[in-house]
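Colleague: have a look at this prediction, sequence included:
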Amino acid sequence: MTTTFTDEVRKRLECPVCYETRRNRPVFHCANGHLVCADCHEKVFTCPQCRTAMTVSARCLLAEDLIARLPVKCANWERGCGFESAADKDISAHAGRCRFRTVQCPHLTCRQTVLMADVVAHLKKEHCATVADKHGDSVVQLKFQPFLEEDSKVWAPVIIALKGATFVGVLSKSKKVYYTWVHALATNDDGGDVGARQEVEIALRGDRSTVSSVVSPMSMEDFRPEMMDDSDQILTFTNRQARQSLRRGASGKREILKIAYRLAGSESKREAPTRFEGDTYVDVQSCSSEEPGQFV
Ligand SMILES: [Zn+2]
Ligand SMILES: [Zn+2]
Ligand SMILES: [Zn+2]
Ligand SMILES: [Zn+2]
């Protein structure tokens, strides 16, 4: 890595005791001009560099001013994030969507802590995630096994790409109620989780009935299974609704749950809320080894 002038300045402004450059805090210097931060200044009696008595120290306004102007690095820079910002508020906005932050794995039976940038790879490797990103991008339609007889079940997660925003689609069943929602995924460094600011229409599409809802993506950081019963970010449907909406599978039997996802936006406002174009469905595969329904 090349050292920039900013890195050089930052190095010179570092406190020689704690190696920090703290913004909005006084910086002191000894009679010979050596710096020490306010916290360490309280603890040292002599200059850490030249040993002159700190009783004659004074604040160094130039150092304080330069530190305030240093770009702030993302807290995740050691994990690979190159984002830095001139203002504290920009860095805190970035922190919430940084690709290098850690999040909980969105698969309900896992909940491991994963780097946001690694979520897709993790879901594919550990949870047999299906990737649905090749169907015109405006609508993604998925076929799920209904598992009508089971009380609870967790399906393999689905990676859903919709017009440049990427989501994880989750379908699970608990006490005979189906729950489906989406999480937004970070797709690039600057835009962060583009989809987090979008709304997604989720629809259980049957021959005879459709259940649908427009939801905002669920946060991967804050999600708890207890939220499933009381969240407007989740589409729920009952066993009975699932049975009523069953569609014909390859064998000709009515045996497939079809769920469609699309961005809700200006375009969809002009259409009837449950009209979806196209009839291309992606089969959601399941891990044969996966145990159904054990939420952790
Ligand atoms: Zn210090
Ligand atoms: Zn000194
Ligand atoms: Zn970052
Ligand atoms: Zn996982």
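Modeller: Structure received. Numbering: from 1, shown residues only. Ligands and ions are numbered 1, 2, ... in the order given.

Colleague: which parts of the stretch 101-250 of the chain sit against ligand 4?
Modeller: Cys105, His107, Cys110, Gln112, Glu126 (CB under 5 Å from the ion). (C-beta placed from N, C-alpha, C; glycine too.)

Colleague: from these, pick the one nearest ligand 1.
Modeller: Distance to ligand 1, by CB to the ion, is smallest for Gln112 among those, at 36.4 Å.

Colleague: for the closest one, which non-adjacent residue is closest in space?
Modeller: Cys105 (4.5 Å; CB to CB, 6 or more residues apart in numbering).

Colleague: for the one you found, give me the pLDDT.
Modeller: We have a pLDDT of 94 for Cys105.

Colleague: what of Gly82?
Modeller: The model's pLDDT for Gly82 equals 85.

Colleague: for the stretch 151-296 of the chain, what spans make up the strands?
Modeller: 153-154, 158-162, 165-174, 177-185, 199-205, 210-215, 235-238, 247-248, 254-264, 281-283 (DSSP state E, counting those that start in this stretch).

Colleague: now mean neighbour count and mean pLDDT too, for these, in TSV please.
Modeller: Output for the strands of the stretch 151-296 of the chain, formatted as TSV (neighbours: other CB atoms under 10 Å; pLDDT from 0 to 100):
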stretch	mean neighbour count	mean pLDDT
strand 153-154	22	90
strand 158-162	22	90
strand 165-174	23	92
strand 177-185	24	94
strand 199-205	22	91
strand 210-215	18	91
strand 235-238	19	95
strand 247-248	14	68
strand 254-264	21	85
strand 281-283	17	72
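
Colleague: returning to what we had before: looks like the residue nearest to Gln112 contacts Leu115 (just checking).
Modeller: No. Counting by CB atoms under 8 Å, Cys105 stays clear of Leu115, with 10.6 Å between them.

Colleague: list the residues that contact Asp133.
Modeller: Val140, Ile159, Ile160, Ala161, Thr166 (CB atoms under 8 Å, 6 or more residues apart in numbering).

Colleague: go again with 7 Å.
Modeller: Asp133 makes contacts with Ile159, Ala161, as judged by CB atoms under 7 Å, 6 or more residues apart in numbering.

Colleague: tell me the buried residues in stretch 38-48?
Modeller: Cys40, His41, Cys47 (16 or more other CB atoms under 10 Å).

Colleague: oops, could you answer that again for stretch 65-75 instead?
Modeller: Neighbour counts over stretch 65-75 (16+ other CB under 10 Å) mark Leu66, Ile67, Leu70, Val72, Cys74, Ala75 as buried.

Colleague: out of those residues, which one sits closest to Arg22?
Modeller: The nearest member of the buried residues of stretch 65-75 to Arg22, counting by CB to CB, is Ile67 at 7.2 Å.

Colleague: and the closest one, what element?
Modeller: Assigned by DSSP states H and E, Ile67 belongs to helix 61-69.

Colleague: contacts for the next helix or strand after that helix, please.
Modeller: Note on helix 61-69: by DSSP H and E, the next helix or strand toward the C-terminus is strand 72-73. Strand 72-73 has contacts (CB under 7 Å, 6+ apart) with Glu84, Ser85, Asp88, Ile91.
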